[in-house]
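Asker: 3D, please:
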Amino acid sequence: MDCLHTVNAVVPATAPCGTRSSTRSWTSVFGQALAELAAAHPEVVAVSAAMLQPTGLGPMRERFPQRVFDVGIAEQHAVTSAAGQAMGGLHPVVAIYATFVNRAFDQVLLDVALHRLPVTFVLDRAGITGPDGPSHHGMWDLSLLSMVPGLRLAAPREAAQLPALLAEAVAWDEGPTVVRLPKATAGAPIEAVASMDGVDILHRGKGRPLDVLLVPVGPLARAAVEAAGILEREHGIGCTVADPRWVLPVNPALPSLAARHQVVVSIEDGVRTGGVGAALAQQCRDHGITTPVHILGLPRAFIPHGPRDQLLAQAGLDAPGVVQAVRTATANRPAHRLSSLQRHGGAG
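Answerer: Predicted structure coming up:
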């Protein structure tokens, strides 16, 4: 079954089942990181639902075959069995596609979270998956999981950051954790210029007032950093880009950071209804912070097949889309509130 999960375009006469690109993927980075983590932590086990290879569990199965469990096409059972293992003192890592966690929401909520069990969910194919189509876009998880009490969710911005966040997730023993990763190749690192209370600052406008705070989720950080540069160079809008790393629950530092800006724009590759941006907006309201939060995300619709980059662009989640959204969000702000716009002669 694994052999037929991720078949790309092939020439049947020459391409064997399982042929893969030589470019390193996020999934392969996770697989190697988990195998190394398991070597250091004997309590770590892995669980999947008929997708060991596609979710990256191959390296761990090779090294520790007795600690990897395939329950078949039964995500509900995968989560419930992980809960039982956690009650027995193990730390299960449940590796499934992000879209399939929908099937097991009740088990995540009542079998794992209710009992504050240390189970880590690694959600592959999170966000737009591209050619997999509407049934496989992992676009519902952020909204669903944001409702689960005690659950912590990490979204690494780059594949190189994934091992550290996975280790943090496995080290947490007070409840469930989630690490979500896209179906994409590993790109160049995105270095932080500063860090504050667990939030990485990826871009900070120099010599400009704090006009706009961009809060991207995971790999959309690359588009946010690119957009920040364009906004400052071409439109005179000063930007801060903040990567929370752990996006749910909302880091308490973010509302405070939002209060120091005139506009906040959150950017996520999940449905914009009830996701990270909505949680951030709620936190700001709860703290009496009046900075408006504009939420960029996927529409509440079934998204068709297509190249990942193209579909993200259509949803306004690439750098040009973020630039346009920021310009729209700042267009009606009072001039005295956007002093850098005054200095640079308007919004462009």
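Asker: where does Gly316 land in three-state SS?
Answerer: coil (DSSP: H, G, I helix; E, B strand; the rest coil).
Asker: wouldn't it be in contact with Ala325 here?
Answerer: Yes: here Gly316 lies in contact with Ala325, judged by CB atoms under 8 Å, at a distance of 6.2 Å. The C-beta positions use only the backbone N, C-alpha and C, and glycine is treated the same way.
Asker: need the overlap of contacts for these two.
Answerer: Both Gly316 and Ala325 are contacted by Leu296, under the criterion CB atoms under 8 Å, 6 or more residues apart in numbering.
Asker: tell me the domain ranges of the chain?
Answerer: 2-180, 194-343 (automatic domain parsing).
Asker: tell me which of these sits nearest to Ala186.
Answerer: Closest to Ala186 of those is domain 2-180 (CB to CB; 3.6 Å).
Asker: for that closest one, the distance to its chain's centre please.
Answerer: Put simply, domain 2-180 sits 13 Å off its chain's centre (CA atoms, centre = their mean, to the nearest Å).
Asker: mean confidence for it?
Answerer: Across domain 2-180, pLDDT averages out at 91.
Asker: which element is Gln324 on?
Answerer: Secondary structure from DSSP states H and E places Gln324 in helix 319-331.
Asker: check the offset of that helix from the chain's centre.
Answerer: Distance, centroid of helix 319-331 to centroid of chain: 22 Å (CA atoms, centre = their mean).
Asker: that one - contacts with which helices or strands?
Answerer: On a contact count with 3 or more CB pairs under 8 Å, 6 or more residues apart in numbering; DSSP states H and E, helix 319-331 meets strand 212-216, helix 221-235, strand 263-271, strand 293-298.
Asker: looking at the ones you listed, which is buried most?
Answerer: Stretch with highest mean neighbour count among those: strand 212-216 (a mean of 28; mean count of other CB atoms under 10 Å).
Asker: tell me the strands beside that strand, with direction?
Answerer: In the sheet containing strand 212-216, its partner strands are strand 239-243 (parallel), strand 263-271 (parallel), by DSSP bridges.
Asker: pLDDT (mean, whole number) over the longest one?
Answerer: The pLDDT scores in strand 263-271 average 97.
Asker: rewinding a little: quick one: closest of the helices and strands packed on helix 319-331 to Lys183.
Answerer: Smallest distance to Lys183 across those (CB to CB): 11.0 Å, for strand 263-271.
Asker: now the angle between strand 293-298 and the helix or strand following the closest one, please.
Answerer: Next helix or strand after strand 263-271 toward the C-terminus (DSSP H and E): helix 276-286. Taking axes from the mean of the first three to the mean of the last three CA atoms, to 10 degrees, one finds helix 276-286 and strand 293-298 inclined to each other by 170 degrees.
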